[in-house]
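1. just the structure for this:
(one chain, ligands or ions: 1)
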Amino acid sequence: MADAPVAAQAFPHDDARSKKIARLWAGSMLTIVVMILTIVVFSSVHLGLNPPSQLETVDSASLHRGGEFAEANLGTMIAADGSALVRVIAQQYAWVPSCVLVPAGVPVTMRLASADVVHGFLIQDTNVNAMVVPGYITTVHTRFREAGERLMPCHEFCGIGHQAMWAHVKVVDANRFPSEEARTQGVSCAR
Ligand SMILES: [Cu+2]
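-> Alright, predicted model coming up:
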């Protein structure tokens, strides 16, 4: 009778043990998948973190010349229902306006467009974090619960002056916000 191969002698086939290990791996993988799905659902539903899903295009070359991103519309406008609409242009190497003024406690929609290259848009301590891609309008929804200052840096390397591309978001109590003025034109705290 021929000898069994060395490997088979060293690790004799053990069906029950293999099945146990396979079950353990399958169980671990299933647990990891369920954990990841739970984190995705929790962060999107509870924390309000969602990828920008709309696909709206805009002509980057003519942003300043008119239309939605004309100078008078930049900054914060207040709609009839009291919600705020903020329009900002991203360009090398500044945000226009560079100081965004918003009332606390109201729903805020932010619409951004890039005049040149890809920029990254982030507001400290909020769910706001998105790319601003030339040719497209980035829309994010948020709400600032408390008055205070927040930083709004560009977090996508956009050129040699990228590190200087910062803006401030100034959240004020709703009664200190110039709502009447903001019904007809964009307001900001940029000087
Ligand atoms: Cu930038």
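
2. only C-alpha atoms for contact and neighbour calcs from this point on.
-> Will do.

3. ok, residue 135 - contacts?
-> If you count contacts by C-alpha atoms under 8 Å, 6 or more residues apart in numbering, residue 135 has them with 57-60, 113-114.

4. in JSON lines: those residues, plus neighbour count and pLDDT.
-> What follows is the contacts of residue 135, written out as JSON lines (neighbours: other C-alpha atoms under 10 Å; pLDDT from 0 to 100):
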{"residue": "57", "neighbour count": "13", "pLDDT": "88"}
{"residue": "58", "neighbour count": "17", "pLDDT": "90"}
{"residue": "59", "neighbour count": "13", "pLDDT": "90"}
{"residue": "60", "neighbour count": "19", "pLDDT": "89"}
{"residue": "113", "neighbour count": "27", "pLDDT": "94"}
{"residue": "114", "neighbour count": "27", "pLDDT": "94"}
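
5. dump these to a markdown table, plus secondary structure and distance to residue 133.
-> Compiled in a markdown table, the contacts of residue 135 are given as follows (DSSP: H, G, I helix; E, B strand; the rest coil; distance: C-alpha to C-alpha, whole Å):
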| residue | secondary structure | distance to residue 133 |
| --- | --- | --- |
| 57 | strand | 10 |
| 58 | coil | 10 |
| 59 | coil | 11 |
| 60 | helix | 9 |
| 113 | strand | 7 |
| 114 | strand | 6 |
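
6. list just the nearest of these to the ion.
-> For the contacts of residue 135, the minimum distance to the ion (C-alpha to the ion) is 9.0 Å, reached by residue 114.

7. get me the contact residues on this protein for the ion.
-> Contact residues, the chain versus the ion (C-alpha under 5 Å from the ion): 119, 154, 158.

8. list the contacts for the second one?
-> For residue 154, the contacting residues are 119-122, 162-163, 165-166, taking C-alpha under 8 Å, 6+ apart as the criterion.

9. repeat the analysis, applying 7 Å as the threshold.
-> Residues counted as contacts of residue 154 (C-alpha atoms under 7 Å, 6 or more residues apart in numbering) are 119-122, 165-166.

10. give me phi/psi at residue 20?
-> Here is the backbone geometry of residue 20 (degrees, to the nearest 10): phi -60, psi -40.

11. er, residue 67 I mean
-> Torsion angles, degrees, to the nearest 10, at residue 67: phi 80, psi -160.

12. pipe the residues of the chain next to the ion into a markdown table and attach pLDDT and secondary structure per row.
-> Formatted as a markdown table, the residues of the chain next to the ion follow (pLDDT from 0 to 100; DSSP: H, G, I helix; E, B strand; the rest coil):
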| residue | pLDDT | secondary structure |
| --- | --- | --- |
| 119 | 95 | strand |
| 154 | 96 | strand |
| 158 | 94 | coil |
